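Got a predicted model here, sequence first, then my questions.
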Amino acid sequence: MCVPIMSLVGEHCALQSEVFMWEELGRAFCLMLVLEGIIPFLYPARWRRLVASLAEVTDKQLRSMGLVSMAIGVGLLYLIN
């Protein structure tokens, strides 16, 4: 059952699901920031070396790493849902 958020104005369930989506997206973004901050916080020297070594990687290699990372993320989301 869907309960409208703004029943006085006559809004429908679409508004509620849209608000929920943005809340979930915000939570996911915050969690991503927390997870990405763990390694630099715990191991700053190693993180600095890793970032320096990434500067030497070609654009094609970097794009490939990004594509693989996105594919793994999409695959995991598919398995979870």
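Received, thanks. Being a predicted model, the structure only gives us computed values, none of them experimental.

Report the residue spans of this protein with pLDDT below the cut-off.
1-14 (pLDDT under 70).

quick one, helices of it?
With DSSP state H, the ranges of helices along the chain come out as 13-42, 44-54, 59-80.

distance of residue 73 from residue 35?
To residue 35, residue 73 is 12 Å away according to CB to CB, to the nearest Å. C-beta here means a position set from N, CA and C on the backbone, and glycine is covered the same way.

I meant residue 54, not that one.
Applying CB to CB to residue 54 and residue 35 gives a distance of 18 Å.

Repeat that for residue 70.
Per CB to CB, residue 70 is found 16 Å from residue 35.

what's the spacing between stretch 24-36 and its chain's center?
Chain-centre distance of stretch 24-36: 6 Å, with CA atoms, centre = their mean, to the nearest Å.

Flag every buried residue along it.
Within stretch 24-36, no residue qualifies as buried by neighbour count (16 or more other CB atoms under 10 Å).

Export it to CSV, keeping only CA atoms.
Extracted in CSV, the C-alpha atoms of stretch 24-36 (Å, rounded to 0.1, in the frame of the first residue of the first chain):
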residue,chain,number,x,y,z
GLU,A,24,18.9,5.9,-1.0
LEU,A,25,21.2,7.5,-3.5
GLY,A,26,22.4,9.9,-0.8
ARG,A,27,23.0,7.0,1.6
ALA,A,28,24.9,5.1,-1.1
PHE,A,29,27.1,8.2,-1.9
CYS,A,30,27.9,8.7,1.8
LEU,A,31,28.8,5.1,2.3
MET,A,32,31.1,5.3,-0.8
LEU,A,33,32.9,8.3,0.7
VAL,A,34,33.4,6.4,4.0
LEU,A,35,34.7,3.3,2.3
GLU,A,36,37.0,5.3,0.0
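
next one: phi and psi at residue 43?
Main-chain torsions, residue 43, degrees, to the nearest 10: phi -130, psi 70.

Can you get me a residue count around it?
When neighbours are counted by other CB atoms under 10 Å, residue 43 registers 12.
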